[in-house]
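1. Quick one, fold the following:
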Amino acid sequence: MSLIEVRHLRKEYEGATPLKDVNATIDEGEVISIIGPSGTGKSTFIRCLNRLETPTSGEIWVDGVDMCAPDVDLPEMRQKMGMVFQNYALFNHKLVVENLMMAPMDLLGMSKQDAYDQALDLLKKVGLKDKALSWPSELSGGQRQRVAIARGLAMKPKILLFDEPTSALDPQMVSEVLSVITDLAEQGLTMLVVTHEMRFARDASSRVFYMDQGELWESGTPKQIFENPQRQETRDFIFRVRSWNWEIRNVDYDYYAMVSSLQAFCARQFLGRHISLACELVIEEVTDSLLIQAAERHGIADPRIAYELSIGEGGEQANLRVDLRELVASGVSGDEIESHADDVTKQVLGGTISQQSMDESGMLRLVIG
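-> Model (predicted):
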């Protein structure tokens, strides 16, 4: 029997059914990344596994125990499944080390000294031993989430569940937390991670679950899911989360909002500084030095320039599609755009673009890197 078996799991609320019919098996030592659009039951699924949510129907077997049985010992079973929440769920009135000591002392009968020693070892594992006597409020979001992971390990669970552990963090903190989770994955701990971080799902998982509309629609290795998904919905989702889209509707567009969105996308994809900066420079030069100026020369106040940036495998190249059909329809030609490039723009684009083409309709394609 697998470590976890889920059969026809269904969860209903009044007016909503987040889980319709979920079937899955997870073997010991597997790292499962659960991906999919928001609102498709991913968090509800893992909350049902340790019975934080009570299923409407179906079966959940964990380590040979029926989690849905009326006489199941939930406290005992939950000791086998650590849980890391997206909002940390730390006790702010207790020191960091005390947050890690409470459950082992209360539930496992561990002595205060043993619990303290274990807490220090776990904090060292997540790089925070020097914060043992700090208050949670004194830590950054990434540090608090690492403390939450250490606390999840304090009960020595067989399974660790993560409910979008990086969703509330900025890019630098995301990297901190994912590094810790990746280290745990390499140590053979069974983990289920609800995540929007595709690089983590691709690099650290043994399998990926794609959930949509309350069901597990596709399961496979990261290579299968990211390179050869079987369902159109999976393909659409993978492409969408690995691409950045932006539309400029007015010549007086919000440059800072666009750049901020682009930088956040590059950070989520864990792109290196070189390719991230190249993407930013290309889009800035193409927009301000070429396209906006072309629109202004032709008196086009609403150019509707649409960008779609997608990242190639390995993160060393990016493909940029620029929809210029509104400009072309208004009389702007590719030759005109190119002829107005100044020396700086030519230097930037020449040093960062390896391929360039534009069709008659006005679809510009650039390969960056």
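2. which residues are in contact with stretch 338-350?
-> 281, 282, 285, 286, 289, 290, 293, 294 (Cβ atoms under 8 Å, 6 or more residues apart in numbering). All C-beta atoms are positioned from the backbone trio N, CA, C, and that covers glycine.
3. For the fifth one, list the residues it contacts.
-> Looking back up the chat, that one is residue 289. Residue 289 neighbours (Cβ under 8 Å, 6+ apart): 341, 342, 344, 345.
4. what about the spatially closest residue to residue 361 that is not a sequence neighbour, distance to residue 364?
-> Spatial nearest neighbour of residue 361, excluding adjacent residues (Cβ to Cβ, 6 or more residues apart in numbering): residue 325 at 5.6 Å. Residue 325 sits at a distance of 10 Å from residue 364 (criterion: Cβ to Cβ, to the nearest Å).
5. re the thing from before, among the contacts of stretch 338-350, which one is most surrounded by other residues?
-> When neighbours are taken as other Cβ atoms under 10 Å, the top entry among the contacts of stretch 338-350 is residue 286 (24 neighbours).
6. So that residue sits against residue 321, correct?
-> No. The criterion here is Cβ atoms under 8 Å, and residue 286 misses it with residue 321 at 11.6 Å.
7. which residues do those two both contact?
-> residue 364.
8. returning to that earlier point: with secondary structure and pLDDT added, can I get the contacts of stretch 338-350 in TSV?
-> What follows is the contacts of stretch 338-350, written out as TSV (DSSP: H, G, I helix; E, B strand; the rest coil; pLDDT from 0 to 100):
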residue	secondary structure	pLDDT
281	helix	90
282	helix	90
285	helix	88
286	helix	89
289	helix	87
290	helix	87
293	helix	89
294	helix	87
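9. Could I get these in a markdown table, plus columns for distance to residue 57?
-> Output for those, formatted as a markdown table (distance: Cβ to Cβ, whole Å):
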| residue | distance to residue 57 |
| --- | --- |
| 281 | 55 |
| 282 | 53 |
| 285 | 58 |
| 286 | 54 |
| 289 | 61 |
| 290 | 59 |
| 293 | 62 |
| 294 | 60 |
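10. What are the boundaries of the strands in the stretch 1-150 of the chain?
-> Residue ranges of the strands in the stretch 1-150 of the chain, as given by DSSP state E, counting those that start in this stretch, are 4-13, 16-26, 31-35, 57-62, 65-66, 81-84.
11. Tell me which of the ones you listed approaches residue 218 most closely.
-> Proximity to residue 218 (Cβ to Cβ) singles out strand 31-35 among these, at 9.8 Å.
12. Show me what counts as buried in the closest one.
-> Using 16 or more other Cβ atoms under 10 Å as the burial criterion, the residues of strand 31-35 that qualify are 31, 32, 33, 34, 35.
13. Please identify which of those residues is nearest to residue 116.
-> When the buried residues of strand 31-35 are compared for distance to residue 116 (Cβ to Cβ), residue 31 wins out at 29.9 Å.
14. From residue 289, how far off is the closest one?
-> From residue 31 to residue 289 the distance is 46 Å (Cβ to Cβ).
15. What of residue 194?
-> Counting by Cβ to Cβ - residue 194 and residue 289 are separated by 42 Å.
16. before we move on, what about residue 135?
-> Taking Cβ to Cβ, one finds residue 135 at 50 Å from residue 289.
17. do residue 311 as well
-> Applying Cβ to Cβ to residue 311 and residue 289 gives a distance of 24 Å.
18. my read: residue 134 touches residue 95, true?
-> Yes. The pair residue 134 / residue 95 is scored as a contact, 6.9 Å apart, by Cβ under 8 Å.
19. all strands of the stretch 151-300 of the chain, in order?
-> Going by DSSP E, counting those that start in this stretch, the stretch 151-300 of the chain shows strands at 159-163, 190-194, 207-212, 215-220, 243-248.
20. Determine which stretch of those is the most buried.
-> strand 190-194 (a mean of 25; mean count of other Cβ atoms under 10 Å).
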